[in-house]
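# Got a predicted structure plus its sequence, pasted below:
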Amino acid sequence: MIDFVKIASRLLPRATLLIIMLFFVQSIFAQERIITAGFQFKPIFTSDFFDTGLVEETKTGVNFKLNQKSGFAFGMVLRKGITEKISFETGINIVKRNFAKNAKGAKKYEKKLSFYKENYI
């Protein structure tokens, strides 16, 4: 059975943002015939507020813990003004997130693992 409440709760914030963007589109102006470039670097911190902290699960007598560590996002953006209201923008970002995993069993079994995940956006 389709849960329309879950679907509506996911789509409502996106639809609200789209309506706000369409409302303000008349007051937005691009810079005509100008090329700009920019770099960005953003650290990634763990936070319990965003539910990115410790994740625990127990299966077949083994306790697994997965914890996100700090990471970073780095990238570059190029923007070309085409007309007064239209610009073309492209870029690439690298996001690296670090994790620590711990598995602990009943008979003094314990394994620790550190790994990372890279995404290119």
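Everything's here; your move. Residues are numbered from 1 along each chain as shown.

# Kindly confirm my reading that A15 is in a strand.
No - per DSSP: H, G, I helix; E, B strand; the rest coil, A15 lies outside any strand segment and is helix.

# roughly how far apart are it and F23?
Distance of A15 to F23, given as Cβ to Cβ, to the nearest Å: 13 Å. In this view, the C-beta of every residue, glycine as well, is placed from N, C-alpha and C.

# Centroid-nearest residue for this protein?
Closest residue to the average C-alpha location of the chain: V95 at 8.3 Å, with Cα atoms, centre = their mean.

# so that residue bridges to which residues?
V95 forms beta bridges with A73, N119, as assigned by DSSP bridges.

# can you check A103 too?
Counting by DSSP bridges, A103 is bridged to F64, K111.

# what about the strands in this protein?
Remark: strands assigned in the chain by DSSP state E are 35-44, 55-59, 62-68, 71-81, 87-104, 110-120.

# Nearest to I19, out of those strands?
Minimum separation from I19 across the strands of the chain (Cβ to Cβ) falls at strand 87-104, 22.2 Å.

# Would you reformat the strands of the chain as CSV and include distance to I19?
Shown next, in CSV, are the strands of the chain (distance: least, Cβ to Cβ, whole Å):
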stretch, distance to I19
strand 35-44, 28
strand 55-59, 35
strand 62-68, 34
strand 71-81, 25
strand 87-104, 22
strand 110-120, 30
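
# Redo these as CSV? Include mean pLDDT.
Listed next are those as CSV, based on pLDDT from 0 to 100:
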stretch, mean pLDDT
strand 35-44, 92
strand 55-59, 88
strand 62-68, 89
strand 71-81, 93
strand 87-104, 92
strand 110-120, 92
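
# burial of the nearest residue to S47 once chain neighbours are set aside, as a residue count?
Counting by Cβ to Cβ, 6 or more residues apart in numbering, G53 is the residue found nearest to S47 once chain neighbours are left out, at 7.2 Å. Residues lying near G53 (other Cβ atoms under 10 Å) number 12.
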